[in-house]
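Undergrad: Give the three-dimensional model of this entry:
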Amino acid sequence: MQWQPITDLPVTWQDLVSTELSSLAEAWNETYRTLKDTSLVEVFNERLRREWAIETGIIERVYTIDRGTTQLLIEQGIDSSLITHGATNRPVSEVIQIINDQRDALDGLFAFVSRNETLSLHYIRTLHQILLRHQEYTEAMDIQGRMGLVPLIKGEWKRLPNNPRRPDGITHEYCPPEHVQSEMEQLLTWHHIHLNQEITPEIEAAWLHHRFTQIHPFQDGNGRVARCLATLVLLRAGRFPLVVNRDQWVEYINALEEADGGDLSRLVRLFDQIQKRAYLNALAISEDISLTSKVVVDVIDGIAERYRQRQQAQFDRVLQVANQLQAFARQLLDTFASSIEERTTSLALPITARVSINNESSIFWYQGDIVAVAKKLNYYANLTRPRLWARLRIEDTSNIIATNAEIVVSFHYLGRENRGVMIATVFLNLLHKSYPNSEEEMSITPESRSFRETHPLIDEGFIITHADMNRLEVKKREFKQWFEQAVTVGLAEWERQL
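TA: A predicted model of the protein is given here:
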């Protein structure tokens, strides 16, 4: 791929904006005010910083650490005694030094933000020096195409091209050394302009990260510096550090390649998902209050007053939003059902498509399915509070097809406590011919699993908060895109199973 000078944000950048993170941020800010003086937030932030420091080196293949050891280091601290023989591919002392350097760089970002300093080329070069303080060599290819170790230059722009050759033999060209200074100056010029344009932090972080990697100004360590710059943008906006972990590496690389082609949307979505995960994990720490009596003593007075005066009534507004989205989901499913029946009728197929929503007697259906999807998506589904569902059921009335199907969207509270946050998930149930067909039979055995297969249709749940009542139309547009994609996946999966 031939090098091209960097470009500014596209004029259509507002098409990439999502309100979901703003809603989560508001929910977290409510929770944070009750927890800020406790140790819970401090412990959570410390573990997140350790994860960032460890994973940023893993995805760059600087070192490897197995998952069990990684979790141990996150929970107990960066300590060489926790790394057993064979858990990493480099000497333990070297790995610990590199991780500590990366942690120092992250701590420096927090300090930089607290001082409200302006991002400069000098700071970026200093950041590179800190990140690679104990890395003395890097891999490079000589003119004969042989890989070998060469001394690493820290804190200075590259002196030679650093264009990698992909597995398919194509060379990916980065900015030539002679243009690095001017390209970096242009990068910061645009970035400083963006700060006054109310660009959402995830979009600016994705743009700054990608354009920096297009330049690739250093001999090595560019990916780590890029994630530092993205994190800096997020921290300024009160967000969490950008933790790209090893499981997201493929999606991360694919998103960067699409951005190389001019489409930044996939990278923005990935950054959205990473921040969303951090917010959900942060909200979950509030549930640990009941586990520590000392914490209860510290915060109970403030919590009680907030709850008595306004919090519960405010948080309950999220159910109003969910009711609106359930009705909207029913409309969307009606459209799908009409299209299905119109097509099957024209082809003389004995297939019906019916849409329904829960009533008082059926509101508790699909409990096992909801929990199974929640476990896959790593959150706690609260089934003790009100919940809603809507369903598209597709049946072969002649029993020629062995498998019927139902696509279900569930709206339920997220977490053990009511924090004014609900989540929607979508799953496909494949109903084999021995499974009850009538509503009466279904109500008798709603939890039967003998002849039913459940398949989640989404990788991320759709977050709803009490604040969304103030932006309901925007929320509906976002829900429509998310939901229609899930239903389309479900219909394709049903067809594949026939």
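Undergrad: how much space between D369 and W389?
TA: According to C-beta to C-beta, to the nearest Å, D369 stands 10 Å off from W389. Yep, even glycine has a C-beta here, placed from its N, CA and C like the rest.
Undergrad: Determine whether the claim that E453 is in a strand is correct.
TA: Yes: judged by DSSP: H, G, I helix; E, B strand; the rest coil, E453 forms part of a strand.
Undergrad: can you pull the contacts of it?
TA: N429, L430, H432 (C-beta atoms under 8 Å, 6 or more residues apart in numbering).
Undergrad: Do I have it right that A259 meets H210?
TA: Yes: A259 lies in contact with H210 (C-beta atoms under 8 Å); the separation is 4.4 Å.
Undergrad: okay, and the common contacts of the two?
TA: Taking C-beta under 8 Å, 6+ apart as the criterion, A259 and H210 both touch L267.
Undergrad: Tell me if I'm right that E20 and I463 touch.
TA: Yes: at 5.1 Å, E20 counts as touching I463 under the criterion of C-beta under 8 Å.
Undergrad: got any residues that touch both of the two?
TA: Joint contacts of E20 and I463 (C-beta under 8 Å, 6+ apart) are K276.
Undergrad: neighbours of G262, just the number please.
TA: 9 (other C-beta atoms under 10 Å).
Undergrad: Roughly how far does it sit from Q4?
TA: For G262, the distance to Q4 equals 10 Å [C-beta to C-beta].
Undergrad: can you pull the contacts of I423?
TA: Y379, A381, F411, H412, Y413, L414, G461, F462, I463, I464.
Undergrad: In helices only, show me these.
TA: Judged by DSSP state H, helices contain none of the contacts of I423.
Undergrad: will you turn those into a markdown table that also has distance to V243 and pLDDT?
TA: Below are those laid out as a markdown table (distance: C-beta to C-beta, whole Å; pLDDT from 0 to 100):
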| residue | distance to V243 | pLDDT |
| --- | --- | --- |
| Y379 | 17 | 89 |
| A381 | 24 | 91 |
| F411 | 29 | 97 |
| H412 | 27 | 95 |
| Y413 | 26 | 93 |
| L414 | 20 | 90 |
| G461 | 19 | 92 |
| F462 | 22 | 94 |
| I463 | 19 | 92 |
| I464 | 24 | 91 |
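Undergrad: Of the residues you listed, which is the nearest to A486?
TA: A486 lies nearest to F462 out of the contacts of I423, by C-beta to C-beta, at 9.0 Å.
Undergrad: what about the stretch 101-250 of the chain, any weak spots by pLDDT?
TA: 141-145 (pLDDT under 70).
Undergrad: So which residues lie in contact with stretch 80-100, not counting its own?
TA: Applying C-beta under 8 Å, 6+ apart, the contact partners of stretch 80-100 are 53-54, 57, 62-66, 68-69, 72-73, 76, 78-79, 133-135.
Undergrad: Could you pick out the buried ones from these?
TA: Buried members of the contacts of stretch 80-100, scored by 16 or more other C-beta atoms under 10 Å, are A53, I54, G57, V62, Y63, I65, T69, L72, L73, I78, R133, Q135.
Undergrad: what about the last one, is that helix, strand or coil?
TA: So that's Q135. Classification of Q135 using three-state DSSP returns coil.
Undergrad: From E60, how far out is it?
TA: As for Q135, its distance to E60 is 10 Å (criterion: C-beta to C-beta).
Undergrad: list the residues that contact both of these two?
TA: With C-beta under 8 Å, 6+ apart, Q135 and E60 have common neighbours G221.
Undergrad: Please parse this structure into its domains.
TA: Using automatic domain parsing, the domain parsing of the chain gives 19-286, 316-497.
Undergrad: quick one: the last one to chain centroid distance?
TA: In other words, domain 316-497. 22 Å (C-alpha atoms, centre = their mean, to the nearest Å).
Undergrad: Endpoint to endpoint, that domain covers what distance?
TA: One end of domain 316-497 to the other measures 40 Å (C-alpha to C-alpha, to the nearest Å).
Undergrad: can you tell me the helix or strand for the most centrally placed residue in the chain?
TA: When C-alpha atoms, centre = their mean is applied to the chain, the residue found nearest the centroid is Q273 (1.7 Å). Remark: Q273 resides in helix 265-285, with elements defined by DSSP states H and E.
Undergrad: Show me which residues of that helix are buried.
TA: Per 16+ other C-beta under 10 Å, helix 265-285 contains these buried residues: 265-280, 282-285.
Undergrad: Repeat that for stretch 34-50.
TA: Within stretch 34-50, the residues that qualify as buried are T34, L35, T38, L40, V41, F44, R47, L48, R49, R50, counting by 16+ other C-beta under 10 Å.
Undergrad: What of stretch 485-497?
TA: Buried residues in stretch 485-497, defined by neighbour count with 16+ other C-beta under 10 Å: A486, V487, V489, G490, L491, E493, W494.
Undergrad: Likewise for stretch 457-475?
TA: Under 16+ other C-beta under 10 Å, the buried positions of stretch 457-475 are L457, I458, G461, F462, I463, I464, T465, H466, A467, D468, K475.
Undergrad: Nearest to D104, out of the residues you listed: which one, please.
TA: Nearest member of those to D104, counting by C-beta to C-beta, is I463, at 33.7 Å.
Undergrad: In this structure the closest one contacts V421, no?
TA: Yes: contact criterion C-beta under 8 Å: I463 and V421 qualify, at 6.6 Å.
Undergrad: which neighbours do the two share?
TA: In contact with both I463 and V421: L24, L414, using C-beta under 8 Å, 6+ apart.
Undergrad: before we move on, the earlier item: average pLDDT for the helix holding Q273?
TA: The pLDDT scores in helix 265-285 average 90.
Undergrad: Now do it: which elements does it pack against?
TA: helix 20-35, helix 39-58, helix 201-215, helix 249-260 (3 or more C-beta pairs under 8 Å, 6 or more residues apart in numbering; DSSP states H and E).
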